[in-house]
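S.K.: Sequence plus predicted model, see below.
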Amino acid sequence: DLQGLKFRIGGYAGRVMQKLGCVPQQLAGGDIYPALEKGTIDAAEWVGPYDDEKLGLYKVAPHYYYPGWWEGGPMLLAMINLDKWNALPKYYQNILEQAGHYANNWMMAKYDTVNPLALKKLLAGGTKLHGFSPAIMEASYKATKELNAEVASTNANFKKIYDSVTAYTSTGYQWFQVAEVGFDNFMARHAQS
């Protein structure tokens, strides 16, 4: 299903999709709609229901697939030159850290608030919601693991971070399954009744 698919998806996720036969396309947000409309791309990955609705993507791409496995959740990042950071007074470093935490938490809360309403509007407007098949999910996972191993074999910094994240998630997901997944599944069943 993915072979030859011209897919607007950037960066690392694009490299994974390339392993699955897609032809990743780098397009700015404002260029996605016209590219879908003209057929120069077949599919697009963007932010989520709220932003997708704002771009009007549902008008030219009425099939909405989930989950966006390449982007498990939103996160804001700031990059600061280490020498400049170290030159700042501790007080300013603390202010920047707190501002970053606040901005990241605010953004996640905003999308947790606006995405459900936007998804409801998209579905009411005729958008068709589809889950990626288990085969696509498994192939995506395998391709991601392969790419991570390839990059880790040539990039010591990537390997260090990847090993740390992998160790954390191998124990973290066990806890999330106990604490979060069970509760979320229970509440999701009741929310539909």
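M.R.: Nice, I can see it.

S.K.: Give me the domain ranges for the protein.
M.R.: Using automatic domain parsing, the domain parsing of the chain gives 6-154, 156-193.

S.K.: For those, state which one has the densest average packing.
M.R.: Per-stretch averages of neighbours, counted by mean count of other C-beta atoms under 10 Å, single out domain 6-154 among these, with a mean of 14. Yep, even glycine has a C-beta here, placed from its N, CA and C like the rest.

S.K.: Give me the mean pLDDT for that domain.
M.R.: If you average the pLDDT over domain 6-154, you get 94.

S.K.: Between the two ends of that domain, how far is it?
M.R.: 28 Å (C-alpha to C-alpha, to the nearest Å).

S.K.: mind checking how far that domain is from the chain centre?
M.R.: Remark: domain 6-154 is offset 4 Å from the chain centroid, using C-alpha atoms, centre = their mean, to the nearest Å.

S.K.: Does the most centrally placed residue in the chain fall in a helix, a strand, or a coil region?
M.R.: Central residue of the chain (C-alpha atoms, centre = their mean): residue 71, 1.8 Å from the mean position. Of the three states, residue 71 takes coil under DSSP: H, G, I helix; E, B strand; the rest coil.

S.K.: Quick check: it vs residue 109, distance?
M.R.: Residue 71 is 17 Å from residue 109, where distance means C-beta to C-beta, to the nearest Å.

S.K.: and the gap between the residue in the chain sticking out farthest from the centre and residue 95?
M.R.: Most distant residue from the mean C-alpha position of the chain: residue 89, 34.9 Å away (C-alpha atoms, centre = their mean). According to C-beta to C-beta, residue 89 stands 9 Å off from residue 95.

S.K.: Tell me who's in contact with residue 42.
M.R.: By C-beta atoms under 8 Å, 6 or more residues apart in numbering, the residues touching residue 42 are 5-7.

S.K.: Could you tell me which of the residues you listed belong to strands?
M.R.: Among those, the ones falling in strands (DSSP state E) are 6-7.

S.K.: and which of the contacts of residue 42 is nearest to residue 32?
M.R.: Proximity of the contacts of residue 42 to residue 32 was ranked by C-beta to C-beta; the top entry is residue 7 with 11.1 Å.

S.K.: Could you check how far the residue nearest to the centre of the chain is from residue 3?
M.R.: 23 Å.

S.K.: residues contacting the closest residue to residue 10 other than its chain neighbours?
M.R.: Excluding the flanking residues, the one nearest residue 10 by C-beta to C-beta, 6 or more residues apart in numbering is residue 26, at 5.4 Å. Residue 26 sits next to 8, 10, 14 when contact means C-beta under 8 Å, 6+ apart.
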